Every structure is written in C-alpha cells, then in structure tokens.
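Asks: below is the sequence, then the predicted model.
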Amino acid sequence: MEKNYLKGVIDTHVHSSPDVRERKMSDIELMEEGVRRDVRGIVIKSTICLQLPERQSSIK
C-alpha cells in the first residue's frame, strides 16, 4: 500500500490554473486531489486574480 505523505498537511502556497502560465491542475482538480489524499488545507495563490469573486468567474 502506498504511504500517504500528504495526510494532514496544510500547503500554504500552491498555484493552479487559470494562471498566466500553464499549471498542472485547475483549482477544482487541486481541491479534489487534496480531498483524495486527506490534505487538511490548501491556500491557492494567483497572479491574475486578486479576489475570490474574480477567481470564481475565471474558472467557469
């Protein structure tokens, strides 16, 4: 069985798409992966959106 090194982790600096350059995962994919790996928290950073409503509208 694979060891889960991310269980309980809080990552305080993660960039996801959409962004000014290509990212491996979208905000939603990052959240889903965090849930799957039992991550305690994720702080999503953005270089294009400064506020949550702007970020939410750019995901659609």
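Replies: Yep, it's here.

Asks: quick check: phi and psi at the closest residue to Val43 other than its chain neighbours.
Replies: Excluding the flanking residues, the one nearest Val43 by C-beta to C-beta, 6 or more residues apart in numbering is Thr12, at 4.7 Å. Placement of C-beta: from N, CA and C, glycine included. Here is the backbone geometry of Thr12 (degrees, to the nearest 10): phi -100, psi 10.

Asks: the nearest residue to Arg37 once chain neighbours are set aside - how many residues pack around it?
Replies: Spatial nearest neighbour of Arg37, excluding adjacent residues (C-beta to C-beta, 6+ apart): Leu6 at 4.4 Å. Other residues lying near Leu6 total 14 when counted by other C-beta atoms under 10 Å.

Asks: cool, Leu30 as well?
Replies: With other C-beta under 10 Å as criterion, Leu30 counts 20.

Asks: same question for the one 4 residues further on.
Replies: With neighbours defined by other C-beta under 10 Å, the count for Gly34 comes to 18.

Asks: so where does the most centrally placed residue in the chain fall, helix or strand?
Replies: Against the mean C-alpha coordinate of the chain, by C-alpha atoms, centre = their mean, the closest residue is Leu30 at 4.0 Å. Using DSSP states H and E, Leu30 falls within helix 27-36.

Asks: with just CA atoms, put that helix into PDB.
Replies: C-alpha atoms of helix 27-36 as PDB (Å, rounded to 0.1, in the frame of the first residue of the first chain):
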ATOM      1  CA  ASP A  27      -8.400  24.900  -8.800                       C
ATOM      2  CA  ILE A  28     -11.100  22.200  -8.700                       C
ATOM      3  CA  GLU A  29      -8.700  19.400  -9.600                       C
ATOM      4  CA  LEU A  30      -6.300  20.600  -6.900                       C
ATOM      5  CA  MET A  31      -9.100  20.500  -4.300                       C
ATOM      6  CA  GLU A  32     -10.300  17.100  -5.400                       C
ATOM      7  CA  GLU A  33      -6.700  15.700  -5.200                       C
ATOM      8  CA  GLY A  34      -6.400  17.300  -1.700                       C
ATOM      9  CA  VAL A  35      -9.500  15.500  -0.600                       C
ATOM     10  CA  ARG A  36      -8.300  12.200  -2.100                       C
END
